[in-house]
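> Need the 3D shape of this:
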Amino acid sequence: MYDTIIIGAGMSGLAAGIRLAHYDQKVCILEKHYTIGGLNSFYRMNGRDYDVGLHAVTNFTAKGAKKGPLARILRQLRFKWEDFALAPQKGSRIAFPDHNLRFDNDLELLRDEVRREFPAHVDEFDRLVAKISDYDDLDQSSFELSGRQILNETISEPLLIEMILCPLMWYGNAAEHDMAWGQFCIMFRSIFLEGFARPYKGVRLILKNLVKRFRSLGGELKLRSGVKTIHVDQRHAVNVELDDGTQLQGKRVLSSAGRLETLRLCSDTSAPDPRTAGQLTFIESISVLDRQPESLGNDDTIVFYNDSEKFHWEKPAEDLCDLRTGVICSPNNYVYPDDQGKLPEGVVRITTIADFDRWNGLNEQEYQLAKLRWYDRSVAASVQFTPDFRSYVIDTDVFTPTTIKRFTWHDNGAVYGAPDKVLDGTTHLNNVFLCGTDQGFVGIIGAMMSGISMANAHCLRD
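A predicted model of the protein is given here:
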């Protein structure tokens, strides 16, 4: 009998497991995949290591900071700042036709850029920042308000609104077109008030330390152990049955599989409405260069680009991908101290909105040809906003919505889960709770914060 069974060995599940094991709970983490990390994982191909999903760790604060999600995670999991070894960004950019807003880990740069590009609207920007500072993360009713509506009430320049929304939606919005006000505030804080960083050795460093700590505290981690059914009796989960028929008993279950995916596992529920699943998923191309991006004139850490004055955030209407907007990440362009962790080869990662159903419907030959075609097209779209690196490419890879589904098991390969979040993590069962993206926090730091918060709220009270 376990105190807590955790479904999913991503960042939220691992963080929750550590938190509970610190209090001598008997904890088992079940992972359907053969490796850990979920979306934020890694793989090796042709002698090179690749991160999956990691552009940046948001919510960065410098060593010694006492406030903010990163500082709280370090305290709650009893890690030192050096255990994550984060290098801050050099600087990033929001790029629209004829307009650029640069930003780094100090809000003043973005404010100066708003003054430069939109001098008549800097006071409106300041009012927006004040509203965000006043927002209560635990207010479910305010969370669901329309972000676009509040922005329109605060800022009178439509283009500035679109430019602010672009990076926030790209890095943490599961809904199409609009963004919940609560999610907007969370992402604004994590990107503009705190900022970007990257582990010196990539995401594997964080994952390695999380697993090592969990196991050192007596936690059990079972890979290739997918959950087939959560057996229910009178609104109570009585056991968890694995794909191989093994049954495990626990006092409670904490699931990072996603709300719909968790409901589908429960023996007392009919299949949830698939129309409520998230629709936003991506392809990502990885280009390895024979030189550093900086030598080509690319010193941006991340570029969020859009090819018109209206930012379009929606599932592609007619094709496998939508090239109107994207993200360019150069993991070389972080401030690595004394060259620690500096990548030996140049890397450029391009992220593009995609359609899961169309990708999933391809046969193997069509799939491989589509990867080649959309690599070329997504890179061609990106070099309108960054120096052209194509003649220096020595290796490539592409992962698609079906890859994301395989790593995360989210319906539609939805990177940020379902649009409707459950901030308190509760379900219809009295001992099954949610953590991870469908609870409301996204990104590496957000996912760990979700796991810790839900463990504290639901698994350490008795």
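
> can you give me the helices in this protein?
All helices of the chain, identified by DSSP state H, fall at 11-21, 69-77, 107-117, 122-134, 140-143, 147-154, 158-170, 181-188, 203-216, 259-265, 356-360, 364-382, 401-408, 443-458.

> Figure out which of those is closest to R291.
helix 364-382 (16.5 Å; CB to CB). The way it works is simple: take the backbone N, C-alpha and C, and place the C-beta from them, glycine included.

> what packs against that closest one?
Other helices and strands packing on helix 364-382, by 3 or more CB pairs under 8 Å, 6 or more residues apart in numbering; DSSP states H and E, are strand 281-289, strand 321-329, strand 346-354, strand 393-399.

> Which among those strands is found nearest to F96?
Of all the helices and strands packed on helix 364-382, strand 321-329 sits nearest to F96, with 9.6 Å by CB to CB.

> Can you name the residues that contact the residue of the chain positioned farthest from its centre?
For the chain, the largest distance from the centre (CA atoms, centre = their mean) belongs to Q234, which lies 35.1 Å off. Listed by CB atoms under 8 Å, 6 or more residues apart in numbering, Q234 has no contact partners.

> Quickly note the distance from it to V122.
Distance, Q234 to V122, by CB to CB, to the nearest Å: 59 Å.

> Check A85 too.
Plainly put, A85 is 36 Å away from V122 if you go by CB to CB.

> Ok, N333 next?
From N333 to V122 the distance is 27 Å (CB to CB).

> more neighbours, the two?
Neighbour count, other CB atoms under 10 Å: between N333 and V122, N333 has more, with 25 against 17.

> which ones are touching the more buried one?
N333 makes contacts with 89-90, 293-294, 298-301, as judged by CB under 8 Å, 6+ apart.

> Next, count neighbours for the closest residue to L223 other than its chain neighbours.
Distances taken as CB to CB, 6 or more residues apart in numbering put E31 closest to L223, at 5.0 Å, once the chain neighbours are dropped. E31 is flanked by 25 other residues according to other CB under 10 Å.

> What separation is there between E31 and D273?
27 Å.

> residues near P316, how many?
That count, for P316 with other CB under 10 Å as the rule, works out to 17.

> my guess is the residue nearest to L223 meets E220, correct?
No - E31 is beyond contact range of E220, at 11.2 Å (criterion: CB atoms under 8 Å).

> Output the contacting helices and strands for the worst-scoring helix or strand of the chain on mean pLDDT.
Comparing every helix and strand of the chain by mean pLDDT, DSSP states H and E singles out strand 41-45 as the least confident one, with a mean of 71. Under the contact criterion of 3+ CB pairs under 8 Å, 6+ apart, strand 41-45 touches strand 48-52, helix 203-216.

> With adjacent residues omitted, what lies nearest to F311?
Closest to F311 by CB to CB, 6+ apart is E162, at 4.2 Å.

> just the contacts of N333 now: which is nearest V348?
Within these, the smallest distance to V348 is 6.1 Å, found for P293 (CB to CB).
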